[in-house]
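[1] just to be clear, the model below is a prediction. Sequence and coordinates:
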Amino acid sequence: MEDSHQPSAISYQPRSLALISLRFTLHASRFTPLRFTLHASLFTFLVLFTPQAWAQTGDASAGKVVYEKKCALCHGEKGDGNGPGAASFDPRPRDFTQGKYKIRTTPSGKPPSDQDLFRVISDGMPGTSMPPWTVLSEKDRWNVVAYVKSFAADSFKEAPKPVELPKEVASSEASIKRGKEMFEAIECNKCHGNAGRADGPSRPELKDDWGNAVRPANLTKPWTFRGGGSAKEIAARLGTGLMGTPMPTFIDSVEKPEDIWHVANYVKSLAPEKPNFATLLSVRAVEGAIPDDPNAPFWNQQPAANFPLAGQVIADPRNFNPSIDLVTVRAVHSASEIAFHLTWDDPTNSKADPKAKLFADQIALQFPARLADGNERPYVLMGDGSNPVYLLRWSSDGGVGEANAGGITKITPQTGEAVQAKGNGVFADGQYRLVIKRPLNATDPNDLAFPVGEFLAVAFMAWDGGAGETGAKMSFSSWYYLRLEESASKRPYVIPPLVILLTVLVELLVVRVARRRG
Amino acid sequence: MRTVWTGLALLAMTMTLVSGSITSVVAQGAGSIVGEVKFEGAAPAPKVTKVNKDKEACGEEKKSEDLVVGPNKGLKNAVVSVVGVKAPVPKPATKPTLDQKTCQFQPHVLLLPAGSEMDIQNPDGVLHNIHTFSTANPAINKAQPKFKKVMTEKFDKPEVIKVQCDAHSWMLGWIVVHDHPFIAVSDAEGSFKIDNVPAGKHKVEVWHETLGKMTKEVEVKAGAPTKVTFELKK
């Protein structure tokens, strides 16, 4: 419970009410009576004497001016979440008129505290279109808080007390183990899936209180958690629920109160804090056969590079709310082959059914069709007539294939013997794993050769057919670099000893010459 | 000391007399409203949802209860109430209970006196969640995992509250929080009975989740049943 673990939420006003009251309420049990009294008096002092006291009473009419300039475009002039830009958002902008808010520190059924609202305005909501509004002064943000509350004034009549979470339990192997047991007992998997990848059986049916379809959080991507991905923030969401969504409160629905923390620690253990995106895909040199099985332990031993994908919004049909936002790539080459191992989350193993707007799931690696001089690369959306691309691809109904393209609608699949690529994809618990291999050398004029030691360009494209993605409706990455490492020869074991030997010989020679002269 | 006891005894006697007189007044000047709620038109077949999870607990399929028409076109689960007559609600003999057995809210429409506690039961051995769409009362969404067999809730303000379970999208129920005793839910034949209604002219309202509202004027005569029939259509 060090400050370094504190969400950034409170860093903007380190001595603020938010910090003090958060500690005061969430961790009261940790306080000795003396410290409790000290904090209590400090709390009173801050309430009475700091300039932040106005935080409690932002000016709604001043907030209205800011709101209409900055917020109304999405949230609507009437605060009903129906601004002119609202329709293209998923999740949709909040409707303030019902007083129902997702990210709170208050119990289910209660409105958020002013600090909760201030926090969301200041930090934004990861994984949504709500940005952090640090461009506004703190005073403006408090004024907006006051104005936003006025859309559901009845709900905010009385200031709610925060949920009292049990004493924090630090993460440990035992806590994570208990958390997993409880995760299963309280059936988080119903929505979030067995491995937490948002692929639970209830996923397709989930709706918010306004009747819009909503997706459960992918628990392996904490950087997309709306209320933050720290154990403390996860515990707060378990404790309060997300009002207006299917996520209920579990504060009284775990076996022992501290189980809230165990579940939070388990969820936290599912993934790193950040995706640590790569800029270079290093293709390791290996000896011997490369395994076809995507689940072979060999692949876990290879370094992984994460690449971000964004919705394709340049050409029609555009994809404003892409399903796949990240692909993890491992790559190796032998003397004769190059192999890519791709991992990406997709909630369903889709079977194509165009009538139901369901399509096969797909992924593609894109390379410039020709090695270019300098830095010039083809247009990232599958090139154009003068700068075509070469595609290594896979689909859930057609398997591995190769293609050449000169634009997003000008794809020519390779057929017959031209197709040298092989591969194998598996699906489990909301995730695809795929191995796709090809001879290193170009076997026909339409193929790209993969020379060792040179920087090549690579980009990725993915389609979640179960979400209706097909054709131009996809997510894609920008261009990245790819480099095949030199074969791990025995040179490291030969050259340094040789150098040492030579040095010793030269030194001996010098010594000898010196002695002779002496 | 003695004076205190005497005082208390007197007070108790007075209270008994007062309450007794109230009951007797109601009994003297009250009648009942009996009747039927009928569905007008051809009864549609109920929507059927194929269960895609927890089949051991929920069964293979679920019939929607948002429009249940019995033999003779009787409409089940319609709420009939007398409008605008105030009287305290007697404490229910048994605690009102909303059961979720076989992933279905039972009863589909539950009457709950305002301020009274109710039990929410989960005998299914799977996760349910109580997600209410109330506006007068706080809207709640509470998880009820398999090991939490009973939860207790209370709603203070009169309101018709939609209840759903997000874990099982077909689950839909209604809690009717009322602050007077002149209310009833129609049975499988569409019949209902409201007792002890003060004699006089009243407005009687019927509400059904799919078919909406309708009101009728009735005149209740002391000591006699007054008959009223509602016909609701889509």
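    Thanks, I have the structure now.
[2] just give me how far stretch B:154-167 sits from the chain centre.
    12 Å (C-alpha atoms, centre = their mean, to the nearest Å).
[3] likewise for stretch A:240-253?
    23 Å.
[4] do stretch A:466-481 as well
    16 Å.
[5] can you point out the buried residues in it?
    A:466-470, A:472-477, A:479-480 (16 or more other C-beta atoms under 10 Å in any protein chain shown). Quick note: C-beta positions are derived from backbone N, CA and C, even for glycine.
[6] enumerate the residues of chain B near chain A.
    B:52-53, B:126-127, B:129-131, B:133, B:135, B:137-148, B:151, B:166-169 (C-beta under 8 Å from any C-beta of the partner chain).
[7] what do you get if the cut-off is 7 Å, keeping everything else the same?
    Within chain B, the positions near chain A by C-beta under 7 Å from any C-beta of the partner chain are B:52-53, B:126-127, B:129, B:131, B:133, B:138-145, B:147-148, B:166-167, B:169.
[8] where does chain B dip in pLDDT?
    B:1-28 (pLDDT under 70).
[9] is it true that B:Ala167 touches A:Lys190?
    Yes. In this structure, B:Ala167 is within contact of A:Lys190 by C-beta atoms under 7 Å, at 5.1 Å.
[10] who's in contact with A:Ala457?
    Contact analysis of A:Ala457 by C-beta atoms under 7 Å, 6 or more residues apart in numbering or on different chains lists A:Phe367, A:Pro368, A:Arg377, A:Trp479, A:Tyr481, A:Leu482.
[11] sorry, that was for A:Val327
    Here A:Val327 is in contact with A:Phe307, A:Leu309, A:Leu342, A:Trp344, A:Phe460, A:Ala462 (C-beta under 7 Å, 6+ apart).
[12] mind checking which of the residues you listed are in strands?
    Taking DSSP state E as the definition of strands, the contacts of A:Val327 contribute A:Phe307, A:Leu342, A:Trp344, A:Phe460, A:Ala462.
[13] of these, closest to B:Lys95?
    A:Trp344 (51.2 Å; C-beta to C-beta).
[14] state the pLDDT value of the closest residue to that closest one other than its chain neighbours.
    Among residues not flanking A:Trp344 along the chain, A:Val327 sits closest, at 4.6 Å (C-beta to C-beta, 6 or more residues apart in numbering or on different chains). Model confidence at A:Val327, given as pLDDT, is 98.
[15] for A:Val327, grab phi and psi.
    phi -130, psi 130 (degrees, to the nearest 10).
[16] tell me what it is bridged to.
    A:Phe307 (DSSP bridges).
[17] from chain B, how far off is it?
    A:Val327 sits 29 Å away from chain B, taking C-beta to the nearest C-beta, to the nearest Å as the criterion.
[18] list the single closest residue to the residue nearest to the spatial centre of chain B in space, sequence neighbours excluded.
    For chain B, the residue sitting closest to the mean C-alpha position, by C-alpha atoms, centre = their mean, is B:Leu111 at 2.0 Å. Excluding the flanking residues, the one nearest B:Leu111 by C-beta to C-beta, 6+ apart is B:Val176, at 5.3 Å.
[19] for the one you found, which residues count as its bridge partners?
    Beta-bridge partners, per DSSP bridges, of B:Val176: B:Leu111, B:Val160.
[20] sorry, back to before: tell me the contacts of the residue nearest to the centre of chain B?
    B:Val176, B:His178, B:Ile183, B:Val185.
[21] what helix or strand does residue 131 sit in?
    Going with chain A. Per DSSP states H and E: A:Pro131 is located in neither a helix nor a strand.
[22] please refer instead to chain B.
    Here B:His131 is assigned to strand B:128-132, by DSSP H and E.
[23] A:Leu73 too?
    Per DSSP H and E: helix A:72-75 holds A:Leu73.
[24] going along the chain from that helix, find the next helix or strand for me.
    Following helix A:72-75 toward the C-terminus (DSSP H and E): helix A:114-123.
[25] no further questions, thank you.
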